[in-house]
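Participant: Sequence first, then the predicted structure, then my questions.
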Amino acid sequence: MVAAYTGSVYVSILLSIERYVAVCWPFHAMRMLRPETAIYQILIAFGFAVILNVPRWIEAQEHDTEVYTISGYSGGFSDFVFNRRLHTKGLLRDGIYRQAYHGWIWTGLMYFLPLLALAFFNCKIFKQVENALSYESRN
């Protein structure tokens, strides 16, 4: 689930980059923006998302434990309930790992880098549109 979230963030950045290329470099856009390259870019974004989330998958592991319970009915019906128990491994217990991965790496790659990239490309697009409109109004 977290890998899909990570992948969608980076696909949003890819869309912003494609818009930037289409608006700011329209003559190069036909050569640069093709369906084949878009497929490779999306695969790279989701591959990066999987690689970024591998530590999350190995830091803790869930196990199903079977618990036998008897319901409160007078007939004495019984059923099985599965409880989820989280077994932490050494990574999650390590304070340096938590600070580095969950604190700095995760925050930087999931919040700061996407925010800066989206702000940069959208500001460039806005500036290009503004320049085009001012040029149009002068002529």
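Facilitator: On my side now, so go ahead. Here the structure is a predicted model, which means the values were calculated and not measured.

Participant: quick one, phi psi at residue 25?
Facilitator: Backbone torsions of residue 25, given as degrees, to the nearest 10, read phi -130, psi 70.

Participant: What is the neighbour count of it?
Facilitator: Neighbour count for residue 25, taken as other C-beta atoms under 10 Å: 13. Every C-beta, even on glycine, is put in place using the N, C-alpha and C of the backbone.

Participant: so what's the residue lying closest to it once chain neighbours are set aside scoring on pLDDT?
Facilitator: Using C-beta to C-beta, 6 or more residues apart in numbering and skipping residues adjacent in sequence, the residue nearest residue 25 is residue 32, 7.6 Å away. If you check residue 32, the pLDDT there is 86.

Participant: Please report the distance of residue 32 from residue 2.
Facilitator: Per C-beta to C-beta, to the nearest Å, residue 32 is found 31 Å from residue 2.

Participant: residues making contact with stretch 113-133?
Facilitator: Residues outside stretch 113-133 that contact it (C-beta atoms under 8 Å, 6 or more residues apart in numbering): 9, 10, 12, 13, 16, 17, 19, 20, 23, 24.

Participant: Just give me the neighbour total for the fifth one.
Facilitator: Think residue 16. The number of residues near residue 16, taken as other C-beta under 10 Å, comes to 19.
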